[in-house]
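1. My questions concern the predicted model and sequence given below.
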Amino acid sequence: MSRAFCIPGIIFLLCALVLSLIVSISLPFLTEIDFVRVHFGQGVVTSGQGMTQLRFGIWAPCYFTNDGVKSCFSAHHGYSVSVANQAKTASIIVGGSWTRGLAVHPVATAVTFIAFLMSFSTHHLVTLMASLVSFLAAALTLIAFAIDIALYAFVHHEIKKLPDVSGKTKTSVAFWMTFVQLILLLLAGCTVCFGRRKDRLSGASSYPMSSYSKPGFFSRFRRGKN
C-alpha cells in the first residue's frame, strides 16, 4: 500500500482503538467514563439512599450520595435502575432493554482491533479487507452511538416525569468519545482504501511497454544489399 496513506490509516485506527477500548471498560471500572449523567438537586433517592448524581456506563450505573460518596451497582450486562422522589410517591425505571444494547461497544472494539492488525499488511487483498473491516467497525460504532442517543433521550424524558425533582440530564465523556471514534474509523477506512487504489495504479503504470516500430520503405533495400 502507498506509504503516504499507510501511516495515517494506521494512526486513525490506533486512536479509534484506544478510544473504543476505554469506552468499552467504562463504569464501574473507570469512574469518569460514562454515557449519560444526571445531576440532581435535593429530593431524589435510589436503592433507599439520597443521591446528587447518577451515571450510566456499559456494565453498571454509579451514583453519588448527598455526602459525596460514590456507590456502584454490581457489574453485569443489561442492568436496571430505579429512581424515586424523596417522598416516594413516584418513581421511574430505566430497564435492561435500554442498557443491554450498550454491549455493542465491546464488539466494535474487537472489530476495530482486527482492522488495526490488518492495516500493517502490504498485501493487496489484506489491505482491501482492512478497509472493509474498518467500515464494518464504523457501522457497529454508528449502531452503538444510536443506542447511546436513545438511552440519553429516554433518561432525559423519564427524569422529567418525577415530581418535585430538579434533574439535569447530560451526555457525558463516553458519548462523545464514541462520536470521535466513528469519525476516525470512517477516515481510516477511506485512507486505507485510497492507499490501496493508488498502489494498484502505480503498479499498473510500471509495466514495461513493448516498443515496436513499423519498418520504413527504404529498409527493404538495405536487406536486399546483404
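-> That came through fine. Note that this is a predicted model, so its numbers are computed, not measured.

2. show me the biggest helix of this protein in terms of residues.
-> Longest helix in the chain, counting residues (DSSP state H): helix 124-159.

3. Remind me what the helix or strand following that one packs against, helices and strands.
-> Following helix 124-159 in sequence order, the next helix or strand is strand 167-171 (DSSP states H and E). Counting by 3 or more Cβ pairs under 8 Å, 6 or more residues apart in numbering; DSSP states H and E, the packing neighbours recorded for strand 167-171 are strand 36-40, helix 124-159. Using the backbone N, CA and C atoms, a C-beta is placed for each residue, glycine as well.

4. one more time with 10 Å, if that's ok
-> strand 36-40, strand 49-56, helix 124-159 (3 or more Cβ pairs under 10 Å, 6 or more residues apart in numbering; DSSP states H and E).

5. would you list every one of the helices in this structure?
-> Secondary structure of the chain (DSSP H): helices at 3-25, 96-99, 104-118, 124-159, 173-204, 219-225.

6. And the second one, how far out from the chain middle?
-> I take that to be helix 96-99. Put simply, helix 96-99 sits 19 Å off its chain's centre (Cα atoms, centre = their mean, to the nearest Å).

7. Just the residues contacting it, thanks.
-> 35-36, 56-61, 76-81, 147, 150-151, 153-155, 158 (Cβ atoms under 10 Å, 6 or more residues apart in numbering).

8. Let me see the mean pLDDT of it.
-> In this model, helix 96-99 carries a mean pLDDT of 94.

9. ditto for the last one
-> With pLDDT averaged residue by residue, helix 219-225 scores 51.

10. count of residues packed around residue 158?
-> A total of 19 residues lie near residue 158 under the criterion other Cβ atoms under 10 Å.

11. Give me the below-cutoff pLDDT ranges for the protein.
-> The model of the chain has pLDDT under 70 over residues 1-6, 42-43, 47-48, 192-226.

12. redo that, cut-off 80
-> Low-confidence segments of the chain (pLDDT under 80): 1-6, 41-50, 66-68, 86-87, 122-124, 192-226.

13. Filter the contacts of helix 96-99 down to the buried ones.
-> Buried by 16 or more other Cβ atoms under 10 Å: 35-36, 56-61, 79, 81, 147, 151, 154-155, 158, out of the contacts of helix 96-99.

14. What is the most widely separated pair among these?
-> 59 and 158 (20.8 Å; Cβ to Cβ).

15. quick one: residue 155 from residue 93, how far?
-> To residue 93, residue 155 is 11 Å away according to Cβ to Cβ, to the nearest Å.
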